[in-house]
Structure formats: structure tokens, C-alpha cells
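Peer 1: Output the structure for:
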Amino acid sequence: MARVYDDERLAGVYQSGNEMPDRSLRDWTHLIGSFTDRPTPAVVEIGAGTGMFCSAMARWLNASTVVGVDTSVPMLTQARLLNAHPSVRYVVGTAESVPTASDRFDLALLSRVVHHLPDRVRAARELARVLRPGGAVVIRTTFRERLDALVYDYWPRLRELDAQRFPSRSELLDDFAAAGFTVRSVTSFARPVTASLRDYHARMTSRPQSKFTQLTAAEFQEGLRRLRADAQEEPTTRPVPVIERYDVAVLSAP
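Peer 2: You can find the predicted model right below:
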């Protein structure tokens, strides 16, 4: 939840640049929901962004309530426009200070946000406060030792930069253990995000991720040029879906 997320331009392109096919989103949502045994769970998402997962969890998990928390007012404005749902409420807040009562939620989701947290131990303690005893935290991320996204093939300096920002598996688990959490499982899950490399190139043109702000204009354009060249070589009759893989750490609240 870095300050770059206050950028209205980024908020405006974030949904279209990071959405996934309905089937992939549904598969991810069902995986996340499988870590709670509550038939109508109360859910909080930290770093909700434009609310893609919030609305998905309201629709497909039969959640009694979903609270999407983010520091970015522009992101939450987009969330209310694009992913409104009667069971979803979007609020300004941080991982270290969630504006809700204690012992309220059965499930907490942190998707692609844990590397932005300035104090993971403090954030974990706050999650322990708002979760009911035994509630689950699902962390969707990429561990430092497994930075394998396609974006790094075209912008290799991003891998170097992310290696400095993303926690390793042991660092992440140790931080949550310090707050009393116990590890339930650590796994990996992958699903298509675009139907073809051409589609992937089209979405990257808008620089829809905050990490692109770390590149110079020349660096970004060079990577985009190489991506465009590869996309143009892809046979239109045999497109290959672009798959994104994430590490999934699931921890139980004390």
C-alpha cells in the first residue's frame, strides 16, 4: 500500500490492467474460501484496491459481509464504481490500523499487498485482533526466491527491484508467528490472466502496476517493444493463455 497508489491515473487503469477471466477469478475465490468452514463467512480484505476480490467473495462465497480496506482514496473510488455489492463495504484504513471492531472476521485476504506493508509484525497483530480465534489469513503473494512472473522477462530490472521488496517465505512466516499465528499451509496456485500474449501486451501498455513507476520511460518502452514483437509473432489461430502463479500462505489466528 505504497503512496503510489494515491495516483489517480493508476487507480483508473488498475482494474482493466489486472483483471482476470471470470473462471480464473472464480477458481481463486473458491480456493480462498476453502480455508474457512463458515457457510457465510465475514471477510476483510487488506489492500482491496479496486475491489475485484471483494465483490467476487461476496458473490461466490456467500459472505455475510465483506470489508475492503485500502489507504488509497482513488482506488476505493474505483472500487465503489466497478465492484459495488450490497454485502461489500469499502473503507479507508491500513493493515496496521483496521477500522473495525475486534473478533469480527472469519477470513482475511491479503492479495499482492504484503510486500507494501511497512511493518508486517504490527500488521499481523492487527489481523489477530480483528479475526475471530482460529480465523484464517490468506496471503496471495510471490516469495522473493520465486519471482517468476512473465513481466520480469520483458522488464528484468523489475525482478532485481522486487527482490529487495518482497519477503522470503521464512521472513513472512516468522513475522506472523511473532504475532501468534500458526501456519496452516503454504502452496502455489496458477490460473490464466489473459487469453493470449497479444492481450497481455495490450494491458501492459497502460502501466497498470505500481512497480512500473520504478522504471525510466526508456526502460518501460524498451520492454514494451520486445513484448509487442513477441506478441505479433504469436499465431492468431493458436493463442497461448498467459498464466500467472502465486504463492499462497494460510495462517490461523491465535
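
Peer 1: Burial check on Pro192, number of neighbours?
Peer 2: 16 (other C-beta atoms under 10 Å). Every C-beta, even on glycine, is put in place using the N, C-alpha and C of the backbone.

Peer 1: Also Arg125?
Peer 2: Counted with other C-beta under 10 Å, Arg125 comes out at 18.

Peer 1: Let me see the ranges of the strands in the stretch 151-254 of the chain.
Peer 2: Along the stretch 151-254 of the chain, counting by DSSP state E, counting those that start in this stretch, strands occupy 182-194, 242-252.

Peer 1: so which of those comes closest to Ser111?
Peer 2: In terms of C-beta to C-beta, the element of the strands of the stretch 151-254 of the chain nearest to Ser111 is strand 242-252, at 8.3 Å.

Peer 1: Only alpha carbons, please: show that closest one as CSV.
Peer 2: What follows is strand 242-252, C-alpha atoms only, in CSV (Å, rounded to 0.1, in the frame of the first residue of the first chain):
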residue,chain,number,x,y,z
VAL,A,242,-0.7,-16.2,-20.1
ILE,A,243,-0.6,-17.9,-16.8
GLU,A,244,0.3,-16.2,-13.5
ARG,A,245,1.4,-18.2,-10.5
TYR,A,246,1.2,-17.1,-6.9
ASP,A,247,2.4,-18.4,-3.6
VAL,A,248,-0.5,-18.9,-1.1
ALA,A,249,0.3,-18.8,2.6
VAL,A,250,-2.6,-19.6,5.0
LEU,A,251,-2.2,-19.0,8.7
SER,A,252,-4.5,-19.4,11.7
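
Peer 1: And the contacts of it?
Peer 2: 20, 31, 35, 112, 134-143, 146, 148-150, 169, 172-173, 176, 181-194, 196-197, 199-200 (C-beta atoms under 8 Å, 6 or more residues apart in numbering).

Peer 1: for stretch 212-231, same thing?
Peer 2: Against stretch 212-231 from outside (C-beta under 8 Å, 6+ apart): 4, 7, 154-155, 157-158, 161, 196-198, 200-201, 204-205, 207.

Peer 1: Stretch 12-20 too?
Peer 2: Outside stretch 12-20, the residues touching it (C-beta under 8 Å, 6+ apart) are 25, 28, 49-50, 52, 74-75, 78, 82-83, 191-193, 203-204, 206-209, 244.
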